[in-house]
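> need coordinates for the below:
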Amino acid sequence: MIGEALCRLRPGAPWRLADEPKDASEYTTFLEWHGDTPAPTWDEIQTTLIIITQERIYTTAQRNRSAAYTAEADPLFFKAQRGEATMDNWAAKVEEIRTRYPYPQEVI
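Take a look at the predicted model:
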């Protein structure tokens, strides 16, 4: 994932990462920076990794919610339209899906 962070922070800059670093000292050892701009700092990398992780969590929750709405909530909505269920049943299902697939609490 550090490679993804590097690409986001310095798009198009040439670099090579010998291995996936676990800390700042490994980062400076493993990174060969060939760009004209300075290499991102370890702190910049860590902040970007948090953002990438939150985006992935958000996207996964969004995808799961969409599938659950289609499979579970939409049928209840249409039943409520026909008088075979209540809008309260549908609203409860929507809330249950939102609870089951929460979005990240904090976004940087």
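
> next helix or strand past the lowest-mean-pLDDT helix or strand in the chain?
Taking mean pLDDT, DSSP states H and E as the measure, helix 24-30 is the helix or strand of the chain with the lowest mean score, a mean of 92. Of the helices and strands lying after helix 24-30 in sequence (DSSP states H and E), the nearest is strand 31-33.

> what number of residues are in the vicinity of Lys22?
When neighbours are counted by other CB atoms under 10 Å, Lys22 registers 10. C-beta here means a position set from N, CA and C on the backbone, and glycine is covered the same way.

> longest helix in this structure, please.
Taking DSSP state H as the criterion, the chain has its longest helix at helix 42-68.

> give the contact list for Pro104.
By CB atoms under 8 Å, 6 or more residues apart in numbering, the contact set of Pro104 is Gln54, Ile57, Tyr58, Ala61.

> make CSV out of the residues you listed and add neighbour count and distance to Asp19.
Below are those laid out as CSV (neighbours: other CB atoms under 10 Å; distance: CB to CB, whole Å):
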residue, neighbour count, distance to Asp19
Gln54, 16, 25
Ile57, 16, 26
Tyr58, 14, 29
Ala61, 16, 31
